[in-house]
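K.L.:
Requesting a structural model of the entry that follows:
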Amino acid sequence: MRRFRRGKNDQAAEQPPLALQVSINEAKDLIEVLRHAQTQIVELTRDADQELVARAGGSDLIASIYARIGLTVVQGRDAVPILVTEIGQVEAAVLNLESYEGHEVVLCLGYALLQNLESRKSSWRSPTLVDGIWAITNETGESANGATAPSIT
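P.N.:
Residues are numbered from 1 along each chain as shown. All right, here's what the predicted structure looks like:
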C-alpha cells in the first residue's frame, strides 16, 4: 500500500479560516448591501455571463450568511462569523454600488460596515463548522457573549 506524505500545502488546507464576529443585525446589513449590489450589477450587465455576474455580486455569500444567522439564532448564539476571505467580496460589493450608482443609503451602510470590520482586524478568530455552517464558539463550545461580539447597534 502506498503512503502519501503531507506537504505544507496540505497542512494549510486543513487549518480553519479566520473570521470576525458580527452581530445578527450587522449580518443582516451585509446581506442588504450584497443584495443591492447584486441587483445593480444584474440590471446593468444583462448581456454578461450570469454565473460570473452572480459570483461578482456576492450572491453565494448571501446564502451562506443567511445560513449562519439561522444557526446563530437556533443555537442561542449572538455572533455570526464573517470569514477573512469574504471581506474582499463585501469590499467589491461596495465598490460595485459606487460604480453602478447604487442607492446612497446602502452605499453609506456598506462603507460603515467595512470601517467596522477594519477596526476589528485584531480580533480574528477561528470559526467552527457546525453541520457544514461556520459558527463562532469559545473554547468550551458555548456561544460568545455580547462583550466579545462587538456590535454597531
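K.L.:
And for V105, the neighbour number?
P.N.:
10 (other Cβ atoms under 10 Å). Backbone N, C-alpha and C define where each C-beta goes, glycine included.
K.L.:
how much space between the residue most central in space within the chain and L61?
P.N.:
Geometric centre of the chain, nearest residue: I82, 3.6 Å, by Cα atoms, centre = their mean. Going from I82 to L61 by Cβ to Cβ, to the nearest Å gives 9 Å.
K.L.:
Please enumerate the strands of this structure.
P.N.:
19-22, 80-83, 128-130, 133-135 (DSSP state E).
K.L.:
mean confidence for the helix ranked longest in the chain?
P.N.:
Across the chain, the helix with the greatest residue count (assigned by DSSP state H) is helix 24-44. Throughout helix 24-44, pLDDT has a mean value of 89.
K.L.:
what are the C-alpha coordinates of it, in CSV please?
P.N.:
Presented in CSV, the C-alpha positions along helix 24-44 are these (Å, rounded to 0.1, in the frame of the first residue of the first chain):
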residue,chain,number,x,y,z
ILE,A,24,-27.0,39.4,13.7
ASN,A,25,-28.1,43.0,12.8
GLU,A,26,-24.7,43.6,11.1
ALA,A,27,-25.0,40.3,9.2
LYS,A,28,-28.4,41.4,8.0
ASP,A,29,-26.9,44.8,6.9
LEU,A,30,-24.2,42.9,5.0
ILE,A,31,-26.9,40.9,3.2
GLU,A,32,-28.7,44.2,2.3
VAL,A,33,-25.5,45.6,0.9
LEU,A,34,-24.7,42.4,-1.1
ARG,A,35,-28.3,42.1,-2.4
HIS,A,36,-28.4,45.7,-3.5
ALA,A,37,-25.1,45.4,-5.2
GLN,A,38,-26.2,42.1,-6.9
THR,A,39,-29.4,43.9,-8.2
GLN,A,40,-27.4,46.8,-9.6
ILE,A,41,-24.9,44.5,-11.4
VAL,A,42,-27.7,42.3,-12.9
GLU,A,43,-29.6,45.3,-14.2
LEU,A,44,-26.5,46.9,-15.8
